[in-house]
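In: Below: sequence and its predicted model.
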Amino acid sequence: MSTTTSHTPESEGPVAGPPARPARLIQNESTTEIPVHLLFRDEPEPVPVPLKPAVVGRRYGTGEQPRLRGPAPVRPRPVPRVDPTLVERPARVLPGAAGVFAGACGLAGCVAVSWWAGALPPLVLGALGLPSYAGAGLGPAQWAAYAGAGALGLFGFGGLARGRTGRAWVLGLFGRYRGTVRRTGLLWVNPLLLRRRVDVRLRHWRSEPMHAADASGVAVRVAVLVVWRVRDTARAALGVEGHETYLRECVEAALARVPVETPGSGRASVDAAEDALTRRVAADTAPVGIEVFSVQPLRVEYAPEVAAAMHRRRIAALDAEHQASVLTSLVDSVEDTVTRLTMRGLVELDDYERKVLVKDLTVAFCAGRGETAPWRPVEQVP
C-alpha cells in the first residue's frame with residue numbers, strides 16, 4: 001500500500017488520501033446553490049406544538065386567514081320591572097259599625113245644635129219628644145257646632161264601603177299607595193283616600209284570531225283561551241297602564257315567537273306548544289302582578305292567503321299515506337299467498353312463473369278491493 005503526497009498552495013506538508021471531489025449542486029434561475037446532501041439530511045423531527053383552532057377558512061386572493069369567531073353571545077331578553085317598593089299590603093280599615101256610629105253622632109249633633117239655636121219647628125220637636133226652647137239664635141258658637149257635627153256625620157257616612165267577594169280596593173292618598181282592601185262586608189274606609197276597584201277572581205279571556213306561524217313558518221290564525229287572575233293588586237293597578245291590555249299584548253307577542261302546531265300534529269306536540277306559550281306569557285306578566293295559569297289554542301287555521309295551498313298539500317299527503325298503506329297491505333298479501341302455495345307443494349315455480357303469478361295476484365287483489373293498481377304491468381311483445 002502506497003501513500004501519495006500532494007502539494008497545495010496553503011500547505012507544504014503531505015496530505016493523505018485521494019483529493020476531495022467538489023460537492024454536487026442544484027441550481028436554477030430562481031434558487032441559489034443548494035448542496036445535494038442537504039436535501040437528504042436526516043434531521044430530528046420537530047416537537048409538535050399544540051395549536052388553537054384559530055383557522056376556519058381562507059380568504060382567497062389575499063393569503064390571509066381569518067380568526068375563529070365563536071357564536072354570537074345571546075343577549076338576555078329584558079325583563080319588565082316595576083317599582084320594587086310597590087308590593088301589595090293590607091290597608092287600615094274599620095268595621096262598618098264604626099262609620100255608622102260616627103255618622104249617627106254627627107246627625108244627632110246637628111239636631112242638638114238646631115234645638116239649641118231654636119231652629120227646629122214645633123212639628124219636629126213633637127216628633128222627637130223635645131221640649132220647646134226659644135233658642136239662643138245662630139251665633140258663632142252655633143255655627144262652629146254645626147260645622148263639627150256636620151263634618152263628623154259626613155266623615156262617618158262618607159267612609160262606608162261594601163267589600164264583595166272577588167273584588168279588592170286599591171287605596172291611594174295624594175298619589176301614594178296606601179294599601180289594598182280584600183275584606184268583605186260593610187267597612188269604613190277613610191273618605192279622603194282614592195279607591196280603585198280591581199277584580200281578583202279567576203278570569204278567562206278568549207282572544208280573536210291572531211297572527212302566528214307553525215313550525216315550518218307557514219302563516220296561521222290562532223284563537224287562544226287565557227286563564228289568569230290578578231295576584232298583586234298594587235302592581236296590576238299602579239305598575240302598568242291597563243293590565244288587561246298588557247296581558248293581551250303579551251299573548252300576541254308570544255304567538256309571534258312560539259311556533260303553533262297545526263291540527264294535524266300529534267297530541268304531544270300540541271301540549272309542548274301550549275306549555276311554551278304559557279311559560280312565556282307567565283314570565284312576561286309576572287312582574288306586573290298577573291298570574292297566568294294556561295294559554296290554550298282553541299282554533300288553529302291557516303291564513304287565507306295560504307289556506308287553499310295547504311289544503312291541497314294536506315289532501316296530497318293523506319292520499320300518499322293511503323296509497324302507501326294499500327301498497328304495503330297488497331304486497332304482504334301477495335307474498336303470503338305465494339309463500340303458502342310454494343311451501344305446501346301445491347305448485348313448483350321457476351323465476352319466470354313466479355313473476356307471472358305475482359303479477360296476476362296483484363291485479364286480482366286490486367280488482368277485488370276496488371283499488372287502482374299501483375302500477376300497470378307492461379305487456380311483453382312476442
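Out: Arrived safely.
In: In the protein, what residue spans correspond to helices?
Out: Secondary structure of the chain (DSSP state H): helices at 36-39, 96-117, 122-128, 140-158, 233-238, 243-257, 267-285, 304-343, 351-369.
In: Who are the packing partners of the longest one?
Out: Applying 3 or more C-beta pairs under 8 Å, 6 or more residues apart in numbering; DSSP states H and E, one finds that helix 304-343 makes contact with strand 290-302, helix 351-369. All C-beta atoms are positioned from the backbone trio N, CA, C, and that covers glycine.
In: in it, what counts as buried?
Out: Using 16 or more other C-beta atoms under 10 Å as the test for burial, helix 304-343 gives 310, 326, 330, 334, 338.
In: picking up where we left off before, which one of the helices and strands packed on helix 304-343 lies nearest to His322?
Out: Nearest to His322 among the helices and strands packed on helix 304-343 is helix 351-369; the distance by C-beta to C-beta comes to 12.2 Å.
In: between the closest one and helix 304-343, what angle do the directions make?
Out: Counting by axes from the mean of the first three to the mean of the last three C-alpha atoms, to 10 degrees, helix 351-369 lies at 130 degrees to helix 304-343.
In: Who are the packing partners of helix 351-369?
Out: Counting contacts by 3+ C-beta pairs under 8 Å, 6+ apart, helix 351-369 packs against helix 304-343.
In: re the thing from before, for Arg221, which of the helices of the chain is the nearest?
Out: Of all the helices of the chain, it is helix 304-343 that lies closest to Arg221, at 8.3 Å by C-beta to C-beta.
In: re the thing from before, ranking the helices and strands packed on helix 304-343 by mean pLDDT, which is last?
Out: Among those, helix 351-369 carries the lowest mean pLDDT, a mean of 77.
In: Can you tell me, leaving aside adjacent residues, what's nearest to Asp214?
Out: Among residues not flanking Asp214 along the chain, Thr262 sits closest, at 5.2 Å (C-beta to C-beta, 6 or more residues apart in numbering).
In: And the one you found, how far from Asp275?
Out: The spacing between Thr262 and Asp275, counted by C-beta to C-beta, to the nearest Å, is 17 Å.
In: can you check Met210 too?
Out: Relative to Asp275, Met210 is positioned 19 Å away (C-beta to C-beta).
In: Compare those two and say which one has the larger neighbour count.
Out: Met210 (18 against 13; other C-beta atoms under 10 Å).
In: What pLDDT does the model give the spatially closest residue to Cys105 that is not a sequence neighbour?
Out: Once flanking residues are discounted, Cys105 sits nearest to Leu152: 5.9 Å by C-beta to C-beta, 6+ apart. Looking at Leu152, its pLDDT reads 92.
In: now the one 3 residues further on
Out: The pLDDT attached to Phe155 in the predicted structure is 90.
In: Mind listing what's buried along stretch 101-113?
Out: Within stretch 101-113, the residues scored as buried using 16+ other C-beta under 10 Å are 102-103, 106-107, 109-110, 113.
In: what's the lowest-pLDDT member of those residues?
Out: pLDDT across the buried residues of stretch 101-113 is lowest for Val113, at 82.
In: ok, how many other residues are close to the nearest residue to that residue once chain neighbours are set aside?
Out: Leaving out its chain neighbours, the residue that sits closest to Val113 by C-beta to C-beta, 6+ apart is Ala145, at 4.3 Å. Residues near Ala145, counting by other C-beta under 10 Å, number 18.
In: measure Ala145 to Glu252 for me?
Out: Going from Ala145 to Glu252 by C-beta to C-beta gives 62 Å.
In: quick one: Arg89 and Gly179 touch, right?
Out: Yes - using C-beta atoms under 8 Å, Arg89 is in contact with Gly179, at 5.4 Å.
In: what is the mean pLDDT for stretch 122-138?
Out: On average, stretch 122-138 scores 68.
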